[in-house]
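In: Prediction below, plus the sequence it came from.
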Amino acid sequence: MANNLDLRKGNIGKLLWEFSIPAIIGMSVNAFYNIASRIFVGQGVNSLAIAAVTVAMPIMILLYAVAMLIGIGATALISIRLGEQKKDEADKIAGSATFMLILLPLIASIIYFLFSEPTLRLFGATSREVLPYARDYIHIIMMGAVPLAIGFGLNNFIRAEGNPRFAMFTQIIGGVVNVILHYVFIFILGWGIKGAALAVISGQTVSAIWVLSYFIRGRSQIKIKLKYMKPQMSIAVKIMAIGFAPFAMQIANSVQQTILNKIIMFYGGDLALAAVGIVMSVGMILIMPIVGISQGAQPIIGYNYGAQRYERVKEALKKGIMASTVLAIISFVGTQFFATPVVALFSKEDAALTQLSAHALVTFFACLPIVGFHILGSNYFQAVGKPIQSTILSLSRQVLIFIPLLLILPNFWGIDGVWRTAPIADVLAVLLTATLLFYEMRNIHHKSVLAMESN
């Protein structure tokens, strides 16, 4: 892997940081520009606009779900094929996945525009005050569905072949463009919520162009060839089987966010809807570094699993869990001591919104230190091509645990029941993750013994 990192023999700890630091920076920049956009919306428009962006969240999550279905599924396969020294098969996977990253988001956009009004109401835009803002914002966002999928999906391919720094710059460049244009469009040109949406799709388009330039200029080891950019059912099925876990998790996130929006509206109205939007925005900054660690570990785990170097697989998982837990503890401390000044950035001197958001933030992330274990565990099964276990773990928190608790707890605790749902779900999800990983590590140990005996 000329000019790239040696996944087979390099020091695991060093490799993990080589891959994770760019991913952490990239994911944190991505989270930062999402926060910055909501700050600009809150300061430059009003709290109803923040509520509208909150309504848009489950729809945007669906777009990312499509990108993850293809991007992450193909990335896991590419990593394994490269570990098996089957480069031509990796190229076929990349070509087929690129075709799907164009087609599926395009279909999703068409469906949205055919049923936009009922879709907006379904996802929480039930208030007459919020609906016009949500319509203006999401209509523009859906026009950028294809660039979003291309930028996100192909960027994973770059990371899979051992070039995490270029992948990091993809996210940084898109994020910087996004933030700058938010300020220009909202505060200088006065385009309001429409300007915010235009800034988002502009950043996504720049990211997509940047990623495509990597492959067009021949810098990549993986080649996206036109002859492979066509429907290939056998490859598509494998991609979607592995990518189904993160896809299902994002679908679950969307369903969860939709139910959350409706319950929040019932118990707290537009103010609470704006508050949950703030909490979710800050949550991105808290979670994205952990996701960055998991993304950094994925190609290391996948490549060495394909190469049957199981001790390196276990070491990468262990060190990934340790690193993510440290980051989670740091984020947890921040939420406990600085919740009020952080949420005040969004609220435009609205004391009631600041107070409600700060309380929600502290409660919602009360068990943040253990979240890294769950994320790394779920990502491990994606990396080694085991979609069933990965899907179970991905859905456990969002569907099997969180949503039922969300429907039950507010009946006893009111709005506080909504905030308390998250930490309880975190504890239960971690217990399930620990159980599946325990049996998986026993299986890996047996494979490792057999591999050594065969040598």
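Out: Structure received. Residues are numbered from 1 along each chain as shown.
In: continuing past the host helix or strand of residue 178, what's the next helix or strand?
Out: Using DSSP states H and E, residue 178 sits in helix 164-183. Going down the chain from helix 164-183, the next helix or strand is helix 192-216, by DSSP H and E.
In: what about that following helix, distance to the chain center?
Out: Counting by C-alpha atoms, centre = their mean, to the nearest Å, helix 192-216 is centred 17 Å from the centre of its parent chain.
In: average model confidence for the helix holding residue 178?
Out: Average pLDDT, helix 164-183: 84.
In: now stretch 277-297
Out: Here the average pLDDT along stretch 277-297 is 84.
In: ok, residue 222 to residue 158 distance?
Out: 8 Å (C-beta to C-beta, to the nearest Å). (Glycine included, C-beta is placed from N, CA and C.)
In: what about the nearest residue to residue 97 once chain neighbours are set aside, helix or strand, and which?
Out: The shortest distance from residue 97 to any non-neighbouring residue, by C-beta to C-beta, 6 or more residues apart in numbering, is to residue 74 (3.7 Å). Using DSSP H and E, residue 74 sits in helix 47-83.
In: next one: residue 38
Out: In this structure, residue 38 sits in helix 12-44 according to DSSP H and E.
In: Could you list every helix and strand that that helix packs against?
Out: Applying 3 or more C-beta pairs under 8 Å, 6 or more residues apart in numbering; DSSP states H and E, one finds that helix 12-44 contacts helix 47-83, helix 164-183, helix 192-216, helix 233-306, helix 310-344.
In: Mind listing what's buried along it?
Out: Going by neighbour count (16 or more other C-beta atoms under 10 Å), the buried part of helix 12-44 is 12, 15-44.
In: need the contact list for the residue nearest to residue 97.
Out: Residue 74 makes contact with 93, 94, 96, 97, 153, 156, 157, 239, 243 under the criterion C-beta atoms under 8 Å, 6 or more residues apart in numbering.
In: OK, contacts around the first one?
Out: By that I understand residue 93. Contact analysis of residue 93 by C-beta under 8 Å, 6+ apart lists 74, 77, 78, 81, 235, 238, 239.
In: Report pLDDT for it.
Out: 88.
In: what's the answer for the fourth one, then?
Out: pLDDT, residue 97: 89.
In: hang on, the earlier thing: kindly compare burial across the helices and strands packed on helix 12-44 and name the winner.
Out: Of all those, helix 47-83 has the most neighbours on average by mean count of other C-beta atoms under 10 Å, namely a mean of 26.
In: can you pull the buried residues of the next helix or strand after it?
Out: As assigned by DSSP H and E, the chain's next helix or strand after helix 47-83 is helix 87-114. For helix 87-114, the neighbour count (16+ other C-beta under 10 Å) marks 89-101, 104-105, 108-109, 112 as buried.
In: Helix or strand next in line after helix 87-114, which one?
Out: As assigned by DSSP H and E, the chain's next helix or strand after helix 87-114 is helix 116-122.
In: got the buried residues for that following helix?
Out: 119, 120, 122.
In: Which strands or helices does that helix pack on?
Out: If you count contacts as 3+ C-beta pairs under 8 Å, 6+ apart, helix 116-122 packs onto helix 131-143.
In: Now do the helix holding residue 38 against helix 47-83, angle only.
Out: Taking axes from the mean of the first three to the mean of the last three C-alpha atoms, to 10 degrees, helix 12-44 and helix 47-83 form an angle of 160 degrees between their directions.
In: pLDDT on helix 12-44, on average?
Out: On average, the pLDDT along helix 12-44 is 78.
In: do stretch 201-208 as well
Out: Averaging pLDDT along stretch 201-208 yields 91.
In: circling back: so for residue 392, which of the helices and strands packed on helix 12-44 sits nearest?
Out: helix 233-306 (8.4 Å; C-beta to C-beta).
In: so who does the nearest residue to residue 17 once chain neighbours are set aside touch?
Out: The shortest distance from residue 17 to any residue other than its chain neighbours is 7.6 Å, reached at residue 296 (C-beta to C-beta, 6+ apart). Going by C-beta under 8 Å, 6+ apart, residue 296 touches 16, 17, 18, 19, 20, 21, 22, 23, 24, 164, 320.
In: could the residues you listed go into a markdown table alongside distance to residue 249?
Out: Putting those into a markdown table (distance: C-beta to C-beta, whole Å) gives the following:
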| residue | distance to residue 249 |
| --- | --- |
| 16 | 23 |
| 17 | 26 |
| 18 | 26 |
| 19 | 21 |
| 20 | 20 |
| 21 | 24 |
| 22 | 23 |
| 23 | 18 |
| 24 | 20 |
| 164 | 22 |
| 320 | 18 |
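In: Quick check: the farthest pair among the residues you listed?
Out: Pairwise distances across the contacts of residue 296 peak at 14.9 Å for 22 and 320 (criterion: C-beta to C-beta).
In: from memory residue 305 sits against residue 80, does it?
Out: Yes - counting by C-beta atoms under 8 Å, residue 305 does reach residue 80; the two are 6.8 Å apart.
In: Now do the shared contacts for these two.
Out: Applying C-beta under 8 Å, 6+ apart, one finds that residue 305 and residue 80 are jointly contacted by residue 385.
In: related to what we said a few turns ago, centre of the chain to the helix holding residue 74, how far?
Out: 6 Å.
In: any idea of the mean pLDDT in that helix?
Out: pLDDT averaged over helix 47-83 gives 82.
In: Stretch 117-137 now?
Out: Here the average pLDDT along stretch 117-137 is 80.
In: Check stretch 253-270 too.
Out: 82.
In: try stretch 340-348
Out: Across stretch 340-348, the per-residue pLDDT values average to 81.
In: about what we covered before: run the angle between the helix holding residue 74 and helix 192-216 for me.
Out: Using the same axes, to 10 degrees: helix 47-83 against helix 192-216 is 10 degrees.
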